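> only geometry, no sequence info:
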């Protein structure tokens, strides 16, 4: 076996808040076809909600010990402290995983993480099979993150010292420009005209080598997502970023906090309050789970702005307290007390 063949491939799943990364990964696990997978989950917040969604899913190809959460901040800012030791831990498993999937937080820039794969201590062991960027189709169609991605990319290329007014645009643009595959998600909630327009806008920002595929609820074949053989760590120069001239980046433009929610008779009232809070206080993202009286399973809730999805997922375990937990993410200075009072009032 050659050195290249011995490397374990890793897929980086990136994308903006609420784009559907966790749902895509869950579908991937459910259709792994017996392939041994491992997950590294970079939760933005104090509680590993995404890890809870994926853990104990009963999928033999990815047992609990193959799922590792990093909750100490953005993975691209803590590569040396958190990511490399975590990778080493997974590589020491017996049997070793055949493929490692890394879910970054919605605020992570993928390029610093890709660069870490070129470090000598891990370069001989793993390779970046591909960077998959998941795009929230309806949100982009509504112009929430970028009205004209092509013009934004051109401005960044022309002036690397440009002071961008919208940090969300920077994150979205960097995730697109580092991708090997872009997934236009939630197309089932978009009109054909919006799908065509958003696809054309995204395509203008991508090099020819990058594929753009539509998806509904993150449902894509494992053969589409894995096996790209991009070796992205050897292709850093062709993945521009608006942060290329910065020694590091910070996420001081965002706040995140946790709200504990007592068991509810019905979720309807809280979801209406959540929509009101999102509209009034500018909540960017809300995700978590709720306990509903008389229901044996947790209710998974995920919201972007005033748009919310809900579904029952795994059953509550006998040793768990039936208590809901919601992660709220907003821009710096968001009114945490006001949001909490609105949701729990």
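Cool, got the structure. Just so it is clear, the structure is predicted and the values come from calculations on it, not from any experiment.

> From here on, just use CA atoms for contacts and neighbour counts.
Will do.

> Just the buried positions in the one helix or strand residue 201 maps to, please.
Counting by DSSP states H and E, the element that carries residue 201 is helix 192-204. By neighbour count on 16 or more other Cα atoms under 10 Å, the buried set for helix 192-204 is 194, 195, 198, 199, 201, 202, 203.

> Ok, stretch 105-121 next?
Residues of stretch 105-121 classed as buried: 105-118 (neighbour count, 16+ other Cα under 10 Å).

> ok, now stretch 207-216?
Buried-residue list, stretch 207-216, by 16+ other Cα under 10 Å: 210, 212, 214, 215.

> Mind listing the strands the strand or helix carrying residue 102 pairs with, and their directions?
In this assignment (DSSP H and E), residue 102 forms part of strand 99-103. With DSSP bridges as the test, strand 99-103 is paired with strand 8-15 (parallel), strand 37-42 (parallel).

> Return the set of buried residues in stretch 307-327.
By 16+ other Cα under 10 Å, the buried positions in stretch 307-327 come out as 307, 308, 310, 312, 313, 314, 322, 324, 325, 326, 327.

> Show me which pair in those is furthest apart.
307 and 322 (25.2 Å; Cα to Cα).

> For residue 320, give me the pLDDT.
Residue 320 carries a pLDDT value of 85.

> what's the answer for the one 3 residues further on, then?
Predicted confidence (pLDDT) at residue 323: the value is 93.

> Same question for the one 10 residues further on.
On pLDDT, residue 333 comes in at 85.

> Quick check: it touching residue 255?
Yes. Between residue 333 and residue 255 a contact is recorded at 7.0 Å, counting by Cα atoms under 8 Å.

> More neighbours: which of the two?
residue 255 (17 against 10; other Cα atoms under 10 Å).

> picking that back up, need the buried residues of stretch 105-121 in CSV with pLDDT, can you?
Below are the buried residues of stretch 105-121 laid out as CSV (pLDDT from 0 to 100):
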residue, pLDDT
105, 77
106, 73
107, 70
108, 75
109, 80
110, 86
111, 86
112, 83
113, 85
114, 90
115, 86
116, 84
117, 88
118, 85
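
> from these, which is closest to residue 273?
residue 106 (23.8 Å).

> Just say helix, strand or coil for the closest one.
Put simply, residue 106 is coil when judged by DSSP: H, G, I helix; E, B strand; the rest coil.

> measure it to residue 237 for me?
As for residue 106, its distance to residue 237 is 23 Å (criterion: Cα to Cα, to the nearest Å).

> what do you get for residue 340?
From residue 340 over to residue 237 (counting by Cα to Cα), the distance is 45 Å.

> All the helices of the stretch 101-250 of the chain, residue numbers only.
110-116, 120-123, 137-141, 149-158, 167-177, 192-204, 222-225 (DSSP state H, counting those that start in this stretch).

> Residue 130: which of those helices is closest?
Between the helices of the stretch 101-250 of the chain, helix 222-225 lies closest to residue 130; by Cα to Cα that is 8.3 Å.

> Can you pull out the residues in contact with that closest one?
28, 31, 32, 132, 181 (Cα atoms under 8 Å, 6 or more residues apart in numbering).

> Among the residues you listed, name the ones in strands.
With strands taken from DSSP state E, the overlap with these comprises 132, 181.

> measure residue 105 to residue 21 for me?
As for residue 105, its distance to residue 21 is 9 Å (criterion: Cα to Cα).

> overlap in contacts of those two?
14, 15.

> that older thread, now the helices of the stretch 101-250 of the chain as a markdown table including distance to residue 264?
Listed next are those as a markdown table, based on distance: least, Cα to Cα, whole Å:
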| stretch | distance to residue 264 |
| --- | --- |
| helix 110-116 | 38 |
| helix 120-123 | 47 |
| helix 137-141 | 29 |
| helix 149-158 | 42 |
| helix 167-177 | 34 |
| helix 192-204 | 37 |
| helix 222-225 | 37 |
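
> Just give me the lowest mean pLDDT stretch among these.
The bottom spot among the helices of the stretch 101-250 of the chain, by mean pLDDT, belongs to helix 149-158, with a mean of 41.

> care to break the protein down by domain?
Per the record, the chain has its domains at 7-238, 254-344, by automatic domain parsing.

> Pick the most buried one from the ones you listed.
Sort the domains of the chain by mean neighbour count, taking mean count of other Cα atoms under 10 Å, and domain 7-238 sits at the top with a mean of 19.

> gap between the two ends of it?
End-to-end for domain 7-238, by Cα to Cα: 22 Å.

> when you give positions from now on, start the count at 80
Right, with 80 as the first residue, what we last looked at is domain 86-317.

> how about the strands in the stretch 280-424 of the chain?
Here the stretch 280-424 of the chain has its strands, by DSSP state E, counting those that start in this stretch, at 290-293, 333-340, 362-369, 376-383, 386-394, 403-410.
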